[in-house]
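Visitor: Structure for the following, please:
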Amino acid sequence: MVTHGPPLTSGLRKVAWSEGTWLNAPPDYREEGKDLVVATAGGSDFWRHTAYGFVRDDGHALLADLPDTAAVEVTFTAEFLTRYDQAGLMVRVHDALWVKAGVELTDGAPHVGAVVTRRLSDWSLAPVPDWSGRPVTVRASRFGGALVIRARCDGGPWRLLRVAPWPAGVASMAGPYCCSPGRSGLLVRFGGFFVGPADSGLHVTP
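Guide: Take a look at the predicted model:
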C-alpha cells in the first residue's frame, strides 16, 4: 500500500550513534561525517526456526530506547550483491520478540519487507528493483498496542509494509541493523537515525 499526504517526520530528534548500544558489534564500523559505515561479519543473521529450522541471533544492530507512543526512522544505502544481504531497522524486546524491516536481496532482486518474530519468525516482502543503490528510509511507530512499519525510497511516498502486534508498556529498543548470511563484508552506510512522536493513525490520507 502506497500512502501520500503530510510527512510523518515532524518533531524527530537525531540520535547520535554513540547513544546506541551494539547487539553483536560488527567487525568493522566507523563514522564518516554524519554517517555510520558498517561492514558485516560472514554468516550473520536474525531468524528463529520457521521453515529453515535454525536460530540465528548474531546479526548487527545498534539499539537505543524506543518508548511507547514513539516512532523511529533509519535511512541507509547499500550495494546488495549476495542472496540475503540485508539492512534496515530493528525493534527488539529480547531474542524471541523482535522485528526487522528493510531491504533484502532474494531471488535475484532487492525486496522490501519485514520479519516479525514472536518466538517464531515470519517473513513478508515485495520486489523493489528500482530501489537498488538508492537511500531507503524505514519507519516503525508504536501506538495502540501495535507496531506500524513503513518504508520509502529517496524521499518518495511512504509504503505501509506491516501492522504487527506489539506489547504496550514494554521496554523496547530500536535502531539500524544489517547482516549477511551468505558472505562477509556487506557495506552499509547509515545516514540517519531519528526518534520522535508516533504516527497519529494507521493511514496517511491524501
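Visitor: In contact with Val116, which residues are there?
Guide: Contact partners of Val116, counting by CB atoms under 8 Å, 6 or more residues apart in numbering, are 99, 122, 162, 164. Where you see a C-beta, it was placed from the backbone N, CA and C, and this is true even at glycine.
Visitor: Report the beta-bridge partner residues of the closest residue to it other than its chain neighbours.
Guide: Leaving aside its sequence neighbours, Val116 sits nearest to Ala164 (CB to CB, 6 or more residues apart in numbering; 4.6 Å). When assigned by DSSP bridges, Ala164 has beta-bridge partners Leu147.
Visitor: Give me the helix or strand of this protein that scores worst on average pLDDT.
Guide: Ranked by mean pLDDT, DSSP states H and E, the helix or strand of the chain with the weakest confidence is strand 2-3, at a mean of 49.
Visitor: Can you give me every residue that contacts the residue nearest to Val116?
Guide: Residues in contact with Ala164 (CB under 8 Å, 6+ apart) are 99, 114, 116, 146-147, 149.
Visitor: need those in TSV with pLDDT and distance to Cys179, can you?
Guide: Converted to TSV, the contacts of Ala164 look like this (pLDDT from 0 to 100; distance: CB to CB, whole Å):
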residue	pLDDT	distance to Cys179
Val99	98	14
Ala114	98	15
Val116	98	17
Ala146	96	25
Leu147	97	20
Ile149	97	18
